[in-house]
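Visitor: have a look at this prediction, sequence included:
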Amino acid sequence: MVLKDAFAYGGDYNPEQWAPEVWREDVELMNRAGVNLVSVGIFSWARIEPRDGEFDFAWLDEVLDLLHAGGVRVDLATATASPPPWLAVAHPEMLPVTAEGVTLSSGSRQAYCPSSPVYRRYASRLVQAIVERYADHPALALWHVNNEYGCHVSHCYCDVSAAAFRRWLEAKYGTIEALNDAWGTAFWSQHYAGFDEILPPRAAPTFTNPTQVLDFDRFSSDELLDCFRMEKAIIRSRSSLPVTTNFMGFFKAADYWAWAEEVDVVSDDSYPDPADPRSPVYAAMQRDLMRSLGGGAPWLLMEQAPSAVNWRERNAAKLPGQMRAWSYQSIARGADGILFFQWRQAVAGAEKFHSGMLPHSGTDTRVFREVEELGGELKALAGTPDLLGAPVEAQVAIVFDWDSWWAVEQPASPTRTSYVEEVFSWYAALAAAGATVDFVRATDDLRRYRAVIVPTLFVASDGQLEALDRYASEGGTLVVGFLTGVLDHDLHARAGGYLGALRRALGVWIEEFAPPAAPDLRAFGGGEPPALSVRGEVIGGTGAAAQWAEYVRVETAEVQAVFEGGALDGHPALTRHQHGDGVAWYVATRLEAAPLANLLHAVLDGAGVDRLPAIPGVELVRRGRVLVAINHSPEAVVLDLAGTELLTGSPAAGLSLGSMGVVLIVE
Amino acid sequence: MVLKDAFAYGGDYNPEQWAPEVWREDVELMNRAGVNLVSVGIFSWARIEPRDGEFDFAWLDEVLDLLHAGGVRVDLATATASPPPWLAVAHPEMLPVTAEGVTLSSGSRQAYCPSSPVYRRYASRLVQAIVERYADHPALALWHVNNEYGCHVSHCYCDVSAAAFRRWLEAKYGTIEALNDAWGTAFWSQHYAGFDEILPPRAAPTFTNPTQVLDFDRFSSDELLDCFRMEKAIIRSRSSLPVTTNFMGFFKAADYWAWAEEVDVVSDDSYPDPADPRSPVYAAMQRDLMRSLGGGAPWLLMEQAPSAVNWRERNAAKLPGQMRAWSYQSIARGADGILFFQWRQAVAGAEKFHSGMLPHSGTDTRVFREVEELGGELKALAGTPDLLGAPVEAQVAIVFDWDSWWAVEQPASPTRTSYVEEVFSWYAALAAAGATVDFVRATDDLRRYRAVIVPTLFVASDGQLEALDRYASEGGTLVVGFLTGVLDHDLHARAGGYLGALRRALGVWIEEFAPPAAPDLRAFGGGEPPALSVRGEVIGGTGAAAQWAEYVRVETAEVQAVFEGGALDGHPALTRHQHGDGVAWYVATRLEAAPLANLLHAVLDGAGVDRLPAIPGVELVRRGRVLVAINHSPEAVVLDLAGTELLTGSPAAGLSLGSMGVVLIVE
Amino acid sequence: MVLKDAFAYGGDYNPEQWAPEVWREDVELMNRAGVNLVSVGIFSWARIEPRDGEFDFAWLDEVLDLLHAGGVRVDLATATASPPPWLAVAHPEMLPVTAEGVTLSSGSRQAYCPSSPVYRRYASRLVQAIVERYADHPALALWHVNNEYGCHVSHCYCDVSAAAFRRWLEAKYGTIEALNDAWGTAFWSQHYAGFDEILPPRAAPTFTNPTQVLDFDRFSSDELLDCFRMEKAIIRSRSSLPVTTNFMGFFKAADYWAWAEEVDVVSDDSYPDPADPRSPVYAAMQRDLMRSLGGGAPWLLMEQAPSAVNWRERNAAKLPGQMRAWSYQSIARGADGILFFQWRQAVAGAEKFHSGMLPHSGTDTRVFREVEELGGELKALAGTPDLLGAPVEAQVAIVFDWDSWWAVEQPASPTRTSYVEEVFSWYAALAAAGATVDFVRATDDLRRYRAVIVPTLFVASDGQLEALDRYASEGGTLVVGFLTGVLDHDLHARAGGYLGALRRALGVWIEEFAPPAAPDLRAFGGGEPPALSVRGEVIGGTGAAAQWAEYVRVETAEVQAVFEGGALDGHPALTRHQHGDGVAWYVATRLEAAPLANLLHAVLDGAGVDRLPAIPGVELVRRGRVLVAINHSPEAVVLDLAGTELLTGSPAAGLSLGSMGVVLIVE
């Protein structure tokens, strides 16, 4: 835990935007709101080092001392997230460049090439100076490295990056012929005579080599992570406090499995759209990913909005109670801290319309009142030993894989897919079925889960496929979605029916992909494309198969549902296979919600998964001994749960839970 | 007036596209069509100066002499609108560059950087030569500087522009710290150590500093205006004839309030889509802006299309009579001249499909006949003293503000808005209510108006807000739309409830913005977003509030309507406040047409605004002693107006006005 | 014929992607599948010349010998379609550049500037080496120059291309003033003082000079064709075997009329979407173009997909039988060979999800079985003398013109049109009416056709218009669609009513264009735009005129249909004119399918055109003595045709033809 015996509560604090007299008011109001942790210095580089090598720490000394005096702990940033203009002027070669060759200027934020030795040298010097000065400051509780790595510039295509990419490739492949084999450069006359001929996947006449693109995705995630490692090493040389950097949920450009191994505490920035009815389930999925990344350890919600954000086309305000409800969602799913962007709403700059804990309109506001109330509640809750630091247990796991994400969304794939949409369709159905979920890698120890879901593991090594096979054969229940095991780690197709080792586990192989016509095709011809559906008892009848279909060849599996319509009529769509001591299902289409719910009931019942009651519109999850219920719907719901409510001390039975209401029940 | 005792009538004339024998036919046909003014030389730079420093005026001498002999006056262009290819070849550094760094080539038109000293030097020399030669030519009636400034290149991001921007900023701010404060560079580590570090808002990783962007908009308008000033000074040194440059209606890139102060006559180019049913009202709004820019003085419709344009995806022809109807709309709203692009339809180049007064197909055509007829009518009308030069009186004003336009359409704003759409919704409702409208600045003398409407004055200085406050307190009727007074001139949020001085006038403050879900959000989730509406007696019941909503906190105002639905249910949506001797309304959403009409009836009646009768489909406006009625609808309408029709001399009572018909009634 | 007494059957073969042991299996399976021709080496440059000047032919020797031993003939590629990375590294100036100035990198394919002397020099050396080595190899049957010229890079805007463009212009125009006249540079101050001032139509502030753009389209097609000519000359110096390059159907960037004169055999790549119901008719149109390009000579279907492609957003598989049905469509329309991309499905690279004759999943698959079956059938059919090499007779021709295509789709045209859509609407109606169609140039000998259709011949020289006039006056039936003869070859408008010489033939002239409002206009205003329709007996009543309308002035023609609605109400929409010994129709709008069918019945009956029976969903076409019937519909159809079915020997009468079924009937 970052703070001893307390939920962390607070937000980003940017005192450089305000006059010193405001700092005093800030600390008073922080105390009033129950704030005990603030993130300081995230965008302070230009303030700390206004000119090359001239450091000004006086203001920051004063801020940290004031916070310390007020009892507010500090998550101190390394301030490297946004280089000052003078650095770009002196070294324009450190600016990032797009695939089309456009150099991105200073004037917004994050204008640096992650591979730039200039950037890294200056960033190191800055971190060194900050660590030297503040490592022993008593306010410090946590180090905050950089900020939202890769948010705006995750891939740089400049010549410096090209050179770094070549070094990365040489380290990975050893010889150029190994690279040529992996990339399949025999195709389209792409053979490289040496590493010095290789470029990033810059704008090209048509599809760039897919393995080159994937390796560049891997390289780009690694380069950013190297920046993190560099800063962390400097901090560690002087300080033993925990180090984090803030993740961004399902963020495509960074393989957080690798990143999570490097941070001491997982922390996350989360901005679901308050106006989107899908947000509560999507956000729950994000919380579960964060807990899973940390191996189940408590994590921090490092940023959320008190109300509206500023970057959507329409920036909806949170409903009354919605911020509190979503905060408890994080706590219920393993967070030990709730922080916001940002403490005091800015009056200038690009984020001035992003809500703050302390709004433009002051303290006599819905937003500040809700901030205060939550602060008070969290302080009270910290006293009960049942929640803070407690684990969340899951019996079901979903395999999540960045390589597959990167690859399946490349052009020149069998269909245009959203990997996260695909995962979400499984997650939402599991959540509706009352199953709590962890995210895992295929090679993790899966034996602690009663069921494992594998949505579209498009890219998989032999090791991954064998691990999944072993999981099933040793008694697990494995559910495999379409487009799994199609490619190996070099993006070579697994000839002979795809699936690799899973072919044995599933008792099927895939003859050919045959997706239904895309819905926009009707624009070109006469009338609607023919409908494709899927039918079977286990899915409760018939459902549409609008996204995907394929020719499945059954070897030893039992067919549980078939396609209906067109050329695929009567062909298998869903199979079940007894494999060793376990069971392996294969799902050859994307099922709609109702048929998927039916399938999951059969799967989870078969696997003996314990489930929480399903109450429409209400999220239920258990952390430690506490069952948390959150009503995301617009209507009140009467709960029929046993135990005592933690915040009020009332008995839980018969409690009416209003819209956005939260109860914490100890049984 | 540009022409003594006559409506100007004619168009752009590009003789360099035709052989000299055609020029003679042109003058004959101009006479036949009643043409008395043509704009010559707009794109003649390459013809006048075919090589660096070699001037050829012989052809132009002949053209001007021919026109003079034929009694056609000349609006002589300075020919600087499109530099010849040789200049770009010799000085590629004078070409414009986009924010992404793309240099725009010669081969179309307007390929110059407005800040380029090279361009300015060559343009000056050209203007000097033209003025020297023709200042005393008897055909001349008007000087036409450049053409449609900024139409294609309003913002240039090249290094030359960057240097000019720095000089402009230094002149504005004096010190770099003043700029840092204004731009809020403490945010996102953007602090500048000196002016030399500043760049135009080129492509960047994410949102560029909003004040930097706004200052660049201001700078870009100023740079173009400097070009105009430079040319005007050269003309003025030799000629006392009036000088104009053609505006383009609601053109975002040029703050025409500043521009109008520099021209001797306001002139405008106007190209509404003949197929768009909204065009007549939109065009009326544009005419009223032009009259207002000139402080009520007569203006020139410098360009309109005789029939179709060439640059839409579908270029609809004007309906029979539509060109005449729209021409009279301009006259009714203060124009003393009707000119077209262009006299003779081009047979080559990018505008050959733009209609001409003399079409490809010759004189035996609907278009030429209508041109002739209108020419004859205008000649006849000039004899009556009631119209030419007469003023248009308005009792209602709308505040129009380029800073607000620029700022509210920036990204990272509370919502995606079209400023002109917002203004149009007010204008159209006022027009439907029979109110004639002027456009004003908030700091103009507002006392001559009985009501002033302030739509979304997003950016406002203290002075502007105080002026509006004063207007109301001294007896005016003020109507303020949402998102007004949110930011000051540096784009700093007005903390403490927004509105600044208007808070006192309106008796409300704004706690928080809470726009309803965007209509496209349904794509992501299940079902429609919840509907939000507004209800109140003064708006005649209930209407949708689909665009905007906010939490309004009432201090001393009376609530006239409330929101219905969701979190805002019951919160104020429309307030009225007695303020000093006047009244101030606040409208916290965009009202649909019917509720807005109801509101305006109450407002205008309360303010004692005289109104013209409302006849569906018919535009009514009074200029001087003449009431003009124009039937834009497809159906004939019987009018019930007293007086005599000017063109026919018939009594007005009981006149049937066919589709596209026009009557001019002297009471 | 490429192969003596046999239909060519096979596909692209890329042995460099596979180990030598696979080559042996390949030849065995080719034999099993009836393959007798494969295209080798298309992307082999980097394999043949892995380093500058180092050639490695050993592998290719072995492959060709193996194929020869297996009885498989070779279409040997010149391997110049995709330069290896080392060439771009050594000579980055040979890379292509977009209009915005973006250099396109290696890493995909076709990364070369067609005008680059570097590329041409290296390509020549490569071709020389290949020809030297293999000209006498007994496996060779055909030379395959480059691949899909211009597919990804048809226009290059680099400085090298600029210089080549200047040379091309100088050769065309002789003097700069001739160019200035042709381009109409008097407009917009574009006059050029010398050829050295001219650039390609790079990114510019607004519309680039239209004739400049058209000349650049012509130049770009010519430059690619020059590359072809260069390679062909090298081949011809050593080999008398036929030479081809693969066309891409209706490919805008290459004027295939000019290209077809240079190839010995026309060959085509064709990838219609299997899920698009319009594909069978569109593909038929493409086959007829290929036959017509070759003057009626047999052609090769050089590439089609065995099943799915990989580059659509959704890549639908072909239905069972669909590949066979579409293959017979090509044969019925004049092809003497059916080849695929590609023999063995790739496991790596950007096209690994493009289906192969031998799929990832092997030989126990629908796809391989269908490939085998078709191979067997074609071998059997080659024995009958009635089909192979036989001609297809058409009595109707459609004029197709690349200049018109390029020009009518330029911006700043009267309306946004798709030229191929316009042609397709005529083709589809003719196909539905049972008429077999050739494509022609206006200046071809048209006397062999009973009717000639001229859809939107927007650009036409005097010679073209006079040829069409002569065709009608000498007894032909001419049908002219709207927007014909509007511009001459320099894109100068034909003043005086357009149409040029056709005005006499048609007995009408065009006063003005007046297209109806675009359907998306309703977005801006209130309600739907008014509907426009067309009415007349010959079109069977009334139909919509949603795309186009104009004011037609009748001189000597008879009005056959009029517009209904709006300003055009009652104006002529369709006219017929007895002209000399023939008849000329003018169609002033795009007719919908039903009215167009009615019109065509009248036209074809009047012209005495023989027609095949019309069976819904069934394509009928006669090649030589064989009537081919293909059922593209999902339902079986009973045919009532006399004769004997070739494949089965059964009598044709009463045959039931299932979905995707094909019968070949000899009467």
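Guide: Arrived safely.
Visitor: what pairs with the closest residue to A:Leu646 other than its chain neighbours across the strands?
Guide: Nearest residue to A:Leu646 in three dimensions, chain neighbours excluded: A:Leu664, at 3.9 Å (Cβ to Cβ, 6 or more residues apart in numbering or on different chains). Quick note: C-beta positions are derived from backbone N, CA and C, even for glycine. For A:Leu664, the beta-bridge partners are A:Val628 (DSSP bridges).
Visitor: in the stretch 551-667 of chain A, what residue is nearest chain C?
Guide: Using Cβ to the nearest Cβ, the closest approach of the stretch 551-667 of chain A to chain C is made by A:Ala567 at 4.8 Å.
Visitor: which regions of chain A lie under the pLDDT threshold?
Guide: For chain A, applying pLDDT under 70 flags the ranges A:1, A:520-529.
Visitor: domain parsing for it?
Guide: A:8-95+A:107-152+A:221-379, A:396-607, A:618-666 (automatic domain parsing).
Visitor: could you dump those domains to a markdown table with mean neighbour count and distance to B:Ala584?
Guide: Below are the domains of chain A laid out as a markdown table (neighbours: other Cβ atoms under 10 Å in any protein chain shown; distance: least, Cβ to Cβ, whole Å):
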| stretch | mean neighbour count | distance to B:Ala584 |
| --- | --- | --- |
| domain A:8-95+A:107-152+A:221-379 | 21 | 20 |
| domain A:396-607 | 21 | 49 |
| domain A:618-666 | 18 | 35 |
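Visitor: can I get those domains in JSON lines with distance to C:Cys156?
Guide: Converted to JSON lines, these look like this (distance: least, Cβ to Cβ, whole Å):
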{"stretch": "domain A:8-95+A:107-152+A:221-379", "distance to C:Cys156": "28"}
{"stretch": "domain A:396-607", "distance to C:Cys156": "23"}
{"stretch": "domain A:618-666", "distance to C:Cys156": "56"}
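Visitor: got a list of what the nearest residue to A:Glu466 once chain neighbours are set aside touches?
Guide: Distance criterion Cβ to Cβ, 6+ apart; nearest residue to A:Glu466, sequence neighbours excluded, is A:Ala501 at 4.6 Å. A:Ala501 sits next to A:462, A:465-466, A:468-469, A:485 when contact means Cβ atoms under 8 Å, 6 or more residues apart in numbering or on different chains.
Visitor: one more: A:Ala317?
Guide: A:274, A:307-308, A:355, B:512-515, B:551, B:567.
Visitor: next step: those residues restricted to strands.
Guide: Secondary structure from DSSP state E places B:512-513, B:551 of the contacts of A:Ala317 in strands.
Visitor: and what about the residue of the stretch 251-400 of chain A found nearest chain B, helix, strand or coil?
Guide: Using Cβ to the nearest Cβ, the single residue of the stretch 251-400 of chain A nearest to chain B is A:Ala348, 2.5 Å away. On the three-state scheme (DSSP: H, G, I helix; E, B strand; the rest coil), A:Ala348 is labelled coil.
Visitor: where do the strands sit along the stretch 151-300 of chain A?
Guide: A:243-244, A:246-247, A:267-269, A:299-303 (DSSP state E, counting those that start in this stretch).
Visitor: now those strands in CSV, with distance to B:Gln342?
Guide: Compiled in CSV, those are given as follows (distance: least, Cβ to Cβ, whole Å):
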stretch, distance to B:Gln342
strand A:243-244, 67
strand A:246-247, 60
strand A:267-269, 57
strand A:299-303, 58
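Visitor: and those as JSON lines, adding distance to chain C?
Guide: Below are the strands of the stretch 151-300 of chain A laid out as JSON lines (distance: least, Cβ to the nearest Cβ, whole Å):
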{"stretch": "strand A:243-244", "distance to chain C": "37"}
{"stretch": "strand A:246-247", "distance to chain C": "30"}
{"stretch": "strand A:267-269", "distance to chain C": "31"}
{"stretch": "strand A:299-303", "distance to chain C": "35"}
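Visitor: re earlier: just give the number of residues close to the closest residue in space to the residue of the stretch 251-400 of chain A closest to chain B that isn't next to it in sequence.
Guide: Counting by Cβ to Cβ, 6+ apart, B:Gly184 is the residue found nearest to A:Ala348 once chain neighbours are left out, at 2.5 Å. Per other Cβ atoms under 10 Å in any protein chain shown, the neighbour tally for B:Gly184 reads 25.
Visitor: ok, the residue of chain A found nearest chain C - contacts?
Guide: Closest contact between chain A and chain C, by Cβ to the nearest Cβ, is at A:Gly184 (2.5 Å). Counting by Cβ under 8 Å, 6+ apart, A:Gly184 makes contact with A:209, A:211, A:490-492, C:17, C:346-349, C:352.
Visitor: what parts of the stretch 501-650 of chain A come near chain B?
Guide: A:Pro634 (Cβ under 8 Å from any Cβ of the partner chain).
Visitor: which residues in the stretch 501-650 of chain A form helices?
Guide: Using DSSP state H, counting those that start in this stretch, the helices of the stretch 501-650 of chain A run over residues A:502-506, A:593-607.
Visitor: between those helices, which one is nearest to C:Gly362?
Guide: Between C:Gly362 and these, the shortest separation by Cβ to Cβ is 13.0 Å, and it involves helix A:502-506.
Visitor: and the closest one, anywhere near chain C?
Guide: No. Helix A:502-506 is not in contact with chain C by Cβ under 8 Å from any Cβ; minimum separation 11.1 Å.
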